[in-house]
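In: sequence and predicted structure, then a few things I'm wondering about:
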Amino acid sequence: MPKVFYTQPGGAVKVIDGAVGDSVMSTAVKNGVQGIVGQCGGTLSCATCHVYVDRAELGYFPDPSEDEDDMLECTASDREDNSRLSCQLTLADGVDLHVTVPAEQV
């Protein structure tokens, strides 16, 4: 079972056991992680699930699609080279993930 470590803007870390095949966003929403809004429900039509992925773990995922790249230009917090929309990050067996939630989503 993959674990997701969500680091909050103040530094607190919430660790959630995720289900293989679920997104980082849906895992956060189901478990009440502050700062992950997921306003569009994971349809890639907002940027309210923006996270910063640990740089050492970026290789676990394919590069952002053109649509995700476009949406990342709309984030409330500054986009960085490790910015991703958590609705596009699928949990895999045996892969723990560390993400940082930005200070603002909307």
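Out: Received it, and whenever you're ready, just let me know what you need.
In: how close does the residue most central in space within the chain get to Leu97?
Out: The centre of the chain sits closest to Ser86, judged by CA atoms, centre = their mean, with a distance of 2.7 Å. Using CB to CB, to the nearest Å, one gets 10 Å for the distance from Ser86 to Leu97. All C-beta atoms are positioned from the backbone trio N, CA, C, and that covers glycine.
In: sorry, back to before: I'd guessed the residue nearest to the centre of the chain sits against Cys46; true?
Out: No - contact criterion CB atoms under 8 Å: Ser86 and Cys46 do not qualify, at 11.6 Å.
In: run a quick neighbour tally on Glu73.
Out: Glu73 has 9 neighbours, counted by other CB atoms under 10 Å.
In: name the nearest residue to it, ignoring sequence neighbours.
Out: Arg79 (6.9 Å; CB to CB, 6 or more residues apart in numbering).
In: now the phi/psi pair for the one you found, please.
Out: Arg79 adopts backbone torsions of phi -80, psi 140, taken as degrees, to the nearest 10.
In: quick one: the helices in this structure, in order.
Out: 24-30, 66-72 (DSSP state H).
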